[in-house]
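Q: Build the 3D model from these lines:
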Amino acid sequence: MVTVLLLSELLLAPLCGSSVGVICPVIAQDQVNLDKALVRWGNASTFDPSKKSLVGTVRSTEVYLKIPAYKRIQEEKVPPGSARYNQLMREATAVYRRVLEQVGRSRKAALIVEQGGISGYAGVADFTGAIIAAL
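A: Sure thing, here's the model as predicted:
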């Protein structure tokens, strides 16, 4: 449970309203709201809602739970902050990013955002299953 909480902190950092005073930019155009902090793949700065490009969503925690390096962290109960934990998380994150890019490009998506990171946009599809299948 602690590992999942730490993972969610890594994936969702920086969080809006956090005590460190991080500003989370949100693109609001034509009733479309995009939280840039939740973009996992693609360039939020060049995203244009008027182009009607496909945007994928992902539930990152579900993906990480299927990545072998992350599974080892859980199975071996590797303590967070240890050298082994950091090594395995780097491996897991590299796999995560590679697969997101692979699925994003193959689906010709403009962005992949964490579920809930975009609202008011019609061209959204859940990519979580496809990302897990690509692992």
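Q: Any stretches of this structure with poor pLDDT?
A: Within the chain, the stretches with pLDDT under 70 are 1-30.
Q: Contacts for the longest helix along the chain, please.
A: Secondary structure of the chain per DSSP state H: the longest helix is helix 83-106. Identification of contacts with helix 83-106 by C-beta atoms under 8 Å, 6 or more residues apart in numbering yields 10, 40-42, 56, 58, 60, 63-64, 67-70, 72-73, 76, 78-79, 109, 111-112, 127, 130-131, 134-135. Quick note: C-beta positions are derived from backbone N, CA and C, even for glycine.
Q: Dump the C-alpha coordinates for the helix or strand following that helix into PDB.
A: Following helix 83-106 in sequence order, the next helix or strand is strand 109-114 (DSSP states H and E). The C-alpha coordinates for strand 109-114 follow below in PDB (Å, rounded to 0.1, in the frame of the first residue of the first chain):
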ATOM      1  CA  ALA A 109      -2.900  10.500 -30.600                       C
ATOM      2  CA  ALA A 110      -2.000  14.100 -29.800                       C
ATOM      3  CA  LEU A 111      -1.700  13.400 -26.100                       C
ATOM      4  CA  ILE A 112      -2.000  10.700 -23.400                       C
ATOM      5  CA  VAL A 113      -3.300  12.100 -20.100                       C
ATOM      6  CA  GLU A 114      -4.000  10.600 -16.700                       C
END
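Q: how about stretch 55-63: buried residues?
A: Neighbour-count burial for stretch 55-63, counted by 16 or more other C-beta atoms under 10 Å, picks out V55, G56, T57, V58, R59, S60, T61, V63.
Q: just stretch 41-58 next, same as before
A: W41, G42, A44, F47, P49, V55, G56, T57, V58.
Q: Also stretch 68-75?
A: Along stretch 68-75, these residues count as buried under the neighbour rule (16+ other C-beta under 10 Å): A69, Y70, I73.
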